[in-house]
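# Let me see the structure of the following:
(chains A and B)
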Amino acid sequence: MSEHVLDAKGLNCPLPILKAKKALKAVPAGEILTILSTDPGSVADFGAFCNQTGNELVSSSSEGDVYTFEIRHTA
Amino acid sequence: MSKIEKAAAAAGLGKEELDKWFDERFAAKMEELNKSKTPSMSIIATKGTLDWAYPPFILASTAAALGWEVSIFFTFYGLLLLKKDLSDLKVTPVGNPAMPMKMPMGPDWFKEINWNIPNIVSGNIPGFENVATGLMKETFKGKGVATIEDLRELSLEAEVKMHACQMTVEVFGFDPKKEFIDEVDSYCGAASFLPMAKDSDVTLFI
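Predicted coordinates for the structure are as follows:
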């Protein structure tokens, strides 16, 4: 896990995306933001978010009810 | 024959080859232009109930997070969404048969009951609107959904432009300086919104 972590567990659409966008601003270019979410819609949404913004979705995984996304701040 | 066609012919290129080159080059240039263009969205928000306050602010804040330029034109009842104090936004199942009436508290079996109260009853109970509004706010909170206040704040932070329809401000007798947030970009009319919408990639009427 990277040193930049956003815990968006319990939050629903569109809050995980909005919080991630904000959190990414504080992540230096090239570094990774790890996001934890419980919103099942966030799986598709973080893919679309990265696609649109040009940031790199390094990984997307789930364990139990928690989804973990790693996004490299590239844009 | 144009200069370029002449030069191509002199270089031994036929018209077909020249056309093929142009089509490929044109497609590549268009793709390059589309990629460099910032997407944009214009929304008309016409509804002022708690439930319908969500779509414009969810879409606006999310589009802004995607890096899009967003404008919202508030008109008719949508103007209520520009009020400094959003606490009086209400929702009612009266005349809204699609709205479930479920309790946000208690055991699961209790929460699943849809209290199908006939409109003729609910429409005549004083304060029913307040109860329905309170239940919706509580349900949304329980599901981790943002409040309208939060979504509007996030939209403003992300530089979503908010415009108010001058005509309906006057018709409904609003006092914008006193009642509306200072962040309203402009008070304008249809002639201002349409050019905005014309240049937008996405236009929505809510």
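# For chain B, name the helix or strand with the lowest mean pLDDT.
When the helices and strands of chain B are scored by mean pLDDT, DSSP states H and E, helix B:119-122 comes last with a mean of 76.
# And the next helix or strand past that helix?
The helix or strand immediately downstream of helix B:119-122 is helix B:128-142, counting by DSSP states H and E.
# what's that following helix in contact with?
Residues from elsewhere that reach helix B:128-142 (Cβ atoms under 8 Å, 6 or more residues apart in numbering or on different chains): B:50-51, B:89-94, B:99, B:101-105, B:122, B:147. C-betas here are computed from N, CA, C, even on glycine.
# Name the nearest of those residues relative to residue B:188.
Compare each of those with residue B:188 using Cβ to Cβ and the shortest gap goes to residue B:89, at 23.7 Å.
# Give the full set of residues in contact with the one residue sitting closest to the centre of chain A.
Among the residues of chain A, the one closest to the centroid is residue A:35, at 4.2 Å (Cα atoms, centre = their mean). With contact taken as Cβ under 8 Å, 6+ apart, residue A:35 is in contact with A:5, A:6, A:8, A:16, A:20, A:23, A:42, A:46, A:68, A:69, A:70, A:71.
# Could you tell me how far stretch A:53-62 lies from the centre of the chain?
Distance, stretch centre to chain centre, for stretch A:53-62: 7 Å (Cα atoms, centre = their mean, to the nearest Å).
# repeat for stretch B:90-102
Taking Cα atoms, centre = their mean, the mean C-alpha location of stretch B:90-102 is offset from the chain mean by 22 Å.
# For residue B:152, state which of the contacts of residue A:35 is nearest.
Among the contacts of residue A:35, and counting by Cβ to Cβ, the member closest to residue B:152 is residue A:16, at 18.4 Å.
# Which residues are in contact with the residue nearest to that closest one when sequence neighbours are not counted?
Nearest in space to residue A:16, with sequence neighbours left out and distances taken as Cβ to Cβ, 6 or more residues apart in numbering or on different chains, is residue A:8 at 4.0 Å. By Cβ under 8 Å, 6+ apart, the contact set of residue A:8 is A:15, A:16, A:19, A:20, A:35, A:36, A:37, A:38, A:39, A:42.
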